[in-house]
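Asker: What shape does this take:
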Amino acid sequence: MASHLLHRLRHALTGEGDQEGLAGCSLEVDDFPESSELEDDTEGLSTRLSGTLSFTSNEEDGEMEEVQNTPVARPEAGGPLEPGTRGDATNSGEPSSTLAEHRGSNMLTRQLQELWRKSRSSLLPQRLLFEVTSTSVVSERNSKYVLYTVYLIQTGHFDRAPAMIARRYSDFERLHRCLRHHFSSDLASVSFPRKRLRHNFAAKTIAKRSRAFEQFLAHLHSLPEIRRSAEYLEFFFLRDLQGAQQLTCSGKYQEALLAWTNARRLQDKLGACHSGHFLLTLAGLAVCQQELAQFGAAHASCEQALQLLEAQDRHPLLVPFLQTHLHLAWLLGLDKGRAEAWLRDLQEASRAGPQPPSLKELLLKHPLP
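Answerer: As a prediction, this is how the structure comes out:
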């Protein structure tokens, strides 16, 4: 009896005498190339994808959970099959377990493809990245210092217009000292790189300070109150505004335009597009663009300024912007009816007042700290 059972077991393991039955249910790997590539690494791939996916709305999160929780057919567990298929497989001639394995593999492949599609189409969360891209040792008459060039890059999409600043150690130290005076609790745990008696110009020291300044600026930007403070914002763009104003006064409009443009990019990335400094920046852009015969760009700068000034009838820049806007619209052959009516209403309301200066005059006379 035992020998008979052993003979039957050996016969079943070697598959002798039942090749035809097995041939009917065997699968070739090439029939399903996608599933054969993905099945072996399903859990690892799902883990990697779930760690990098990011969604911007609750609706997309719900869709993500639905994809991850979709039941997958497992032949050994008798899982549900795809709608429209039969579990007994009487018409196809395949065993039900094998058919379930096929359908489960295809379903799993579609889920992973859907995860990949969502990961590519979803928007990454945007944040501001500070990166020291270069340094230079500057020697002046009585001093020598390192100048750090810092780029501000908006992540989450391709940043076509990164902005940059060039600051020395004393500038960062002054910012830290000023912010500690106003935000002592927020900066109590911040360790600022100290001055050194020696090796201040060594490559190793400069590299360490570069990384420290990147982390310092990123930490400041992560704190909402500091991020909106005048001290923090002016550290980035006030120097550009002062230089641009001086260049404009000197008639160096091409160089001034570059400075105004960089100041605008800085304010845009820092979220400071509703301040008086930003209106002054748009005024500088409009004046320089007009002087350089870039009338379309100057008109666009005036349009943006007028949108910000729409509810501020008493702002000193409103009438100069309207006058410049009307002149540019006349040069470009654009509609100017709305601007004419707006300016006429303002002039009637202040008929006894003095004639306001032009945009260029107001820009050159505007004091900057």
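Asker: In the chain, where is pLDDT below threshold?
Answerer: In the prediction, the chain carries residues with pLDDT under 70 at positions 1-126, 352-353, 369.
Asker: ok, the residue nearest to residue 229 when sequence neighbours are not counted - how many residues close by?
Answerer: Of all residues not flanking residue 229 in the chain, residue 182 sits nearest, at 6.9 Å (C-beta to C-beta, 6 or more residues apart in numbering). From N, CA and C alone the C-beta is placed, and that goes for glycine too. Residues lying near residue 182 (other C-beta atoms under 10 Å) number 14.
Asker: where exactly do the strands run in the protein?
Answerer: With DSSP state E as the criterion, the chain has strands at 128-139, 144-154, 163-168.
Asker: can you redo those strands as CSV with mean neighbour count and distance to residue 202?
Answerer: CSV is the format used below for those (neighbours: other C-beta atoms under 10 Å; distance: least, C-beta to C-beta, whole Å):
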stretch, mean neighbour count, distance to residue 202
strand 128-139, 14, 11
strand 144-154, 17, 10
strand 163-168, 18, 16
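Asker: export the ones you listed to CSV and tack on distance to residue 319?
Answerer: CSV is the format used below for these (distance: least, C-beta to C-beta, whole Å):
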stretch, distance to residue 319
strand 128-139, 35
strand 144-154, 34
strand 163-168, 30
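Asker: for those, which one sits closest to residue 214?
Answerer: strand 128-139 (5.0 Å; C-beta to C-beta).
Asker: Tell me the strands beside the closest one, with direction?
Answerer: Paired strands of strand 128-139, with direction, are strand 144-154 (antiparallel) (DSSP bridges).
Asker: Now the strand it pairs with - C-alpha only, PDB.
Answerer: Backbone C-alpha positions of strand 144-154 (Å, rounded to 0.1, in the frame of the first residue of the first chain) are rendered in PDB as follows:
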ATOM      1  CA  LYS A 144      38.700  91.900   1.900                       C
ATOM      2  CA  TYR A 145      35.500  89.800   2.000                       C
ATOM      3  CA  VAL A 146      33.700  86.800   0.400                       C
ATOM      4  CA  LEU A 147      30.700  87.500  -1.800                       C
ATOM      5  CA  TYR A 148      28.100  84.800  -1.800                       C
ATOM      6  CA  THR A 149      25.700  84.600  -4.800                       C
ATOM      7  CA  VAL A 150      22.400  83.000  -3.800                       C
ATOM      8  CA  TYR A 151      19.800  81.900  -6.300                       C
ATOM      9  CA  LEU A 152      16.100  81.800  -5.300                       C
ATOM     10  CA  ILE A 153      14.400  79.000  -7.200                       C
ATOM     11  CA  GLN A 154      10.700  78.100  -7.100                       C
END
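Asker: My understanding was that residue 309 contacts residue 319; is that so?
Answerer: No. Taking C-beta atoms under 8 Å as the definition, residue 309 is not a contact partner of residue 319, at 9.8 Å.
Asker: more crowded one of these two?
Answerer: Set side by side, residue 309 and residue 319 give different neighbour counts by other C-beta under 10 Å, the larger being at residue 319 (23 against 19).
Asker: May I have the phi/psi pair for residue 315?
Answerer: phi -70, psi 130 (degrees, to the nearest 10).
Asker: for residue 143, same thing?
Answerer: Note on residue 143: its backbone torsions stand at phi -150, psi 160 [degrees, to the nearest 10].
Asker: Can you report how many residues lie near it?
Answerer: Taking other C-beta under 10 Å as the criterion, the count of residues near residue 143 is 9.
Asker: Roughly how far does it sit from residue 201?
Answerer: Computed with C-beta to C-beta, to the nearest Å, the distance linking residue 143 and residue 201 is 12 Å.
Asker: ok, now how distant is residue 232 from residue 185?
Answerer: Distance, residue 232 to residue 185, using C-beta to C-beta: 16 Å.
Asker: which of the two has more neighbours?
Answerer: A count of neighbours by other C-beta under 10 Å puts residue 232 above the other of residue 232 and residue 185, at 22 against 7.
Asker: Not counting residues beside it along the chain, what's closest to the more buried one?
Answerer: The shortest distance from residue 232 to any residue that is not its chain neighbour, by C-beta to C-beta, 6+ apart, is 5.3 Å, and that residue is residue 226.
Asker: The one you found touches residue 186, doesn't it?
Answerer: Yes. Counting by C-beta under 8 Å, residue 226 does reach residue 186; the two are 6.2 Å apart.
Asker: shared neighbours, the two?
Answerer: residue 179 (C-beta atoms under 8 Å, 6 or more residues apart in numbering).
Asker: Break the chain down into its structural domains.
Answerer: The chain breaks down into these domains under automatic domain parsing: 31-121, 126-227, 255-369.
Asker: so who does residue 175 touch?
Answerer: Residue 175 neighbours (C-beta under 8 Å, 6+ apart): 231-232, 235.
Asker: Let me know the closest of the residues you listed to residue 157.
Answerer: Ranking those by separation from residue 157, with C-beta to C-beta as the measure, puts residue 232 on top at 24.0 Å.
Asker: And the closest one, how close does it get to residue 222?
Answerer: Where residue 222 is concerned, residue 232 sits at a distance of 12 Å (C-beta to C-beta).
Asker: same thing with residue 168?
Answerer: Using C-beta to C-beta, one gets 24 Å for the distance from residue 168 to residue 222.
Asker: Helices of the stretch 101-250 of the chain, start to end?
Answerer: 169-182, 203-221, 224-227, 230-249 (DSSP state H, counting those that start in this stretch).
Asker: Now for the residue nearest to residue 249 when sequence neighbours are not counted: which residues touch it?
Answerer: Nearest residue to residue 249, sequence neighbours excluded (C-beta to C-beta, 6+ apart): residue 364, at 5.3 Å. Taking C-beta under 8 Å, 6+ apart as the contact definition, residue 364 lies against 245, 248-249.
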